[in-house]
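Trainee: let's see this in three dimensions:
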Amino acid sequence: MVNILKEFGRGQITLPKKWRERFHTNVYIAKETSQGLLIVPFTDESIQVDEQKLQEEISTKSSSGFFKRKTIGGE
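Mentor: Numbering: from 1, shown residues only. Okay, here's the model as predicted:
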């Protein structure tokens, strides 16, 4: 399935409801690749994440519910 996502507000995009329901998570990993932006659900076990850096990122979550801008994995 292909969808066009439009940025709104402060750079936010909304994932289609079908995708959100399919992956049963509200945490995603975004990574810049040579082909563009890759967004995968955090529950995807094929993604290798530095657990300590992830916990640091979660602990910096602001009171509004949004993560502060920070790169996970140092890339």
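Trainee: so R20, which of the three states?
Mentor: Here R20 is helix, with the state taken from DSSP: H, G, I helix; E, B strand; the rest coil.
Trainee: OK, contacts around it?
Mentor: Applying Cβ atoms under 8 Å, 6 or more residues apart in numbering to R20 gives the contacts N26. C-beta: built from backbone N, CA, C; applies to glycine.
Trainee: got any ranges where this protein has weak pLDDT?
Mentor: 43-49, 57-75 (pLDDT under 70).
Trainee: which residues in it form helices?
Mentor: Using DSSP state H, the helices found in the chain span residues 17-23, 51-59.
Trainee: and of those helices, who's closest to I29?
Mentor: helix 51-59 (9.1 Å; Cβ to Cβ).
Trainee: picking up where we left off before, could you dump the helices of the chain to TSV with distance to N3?
Mentor: Formatted as TSV, the helices of the chain follow (distance: least, Cβ to Cβ, whole Å):
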stretch	distance to N3
helix 17-23	8
helix 51-59	26
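Trainee: so which of those helices is nearest V40?
Mentor: It is, among those and with distance given as Cβ to Cβ, helix 17-23, at 8.8 Å.
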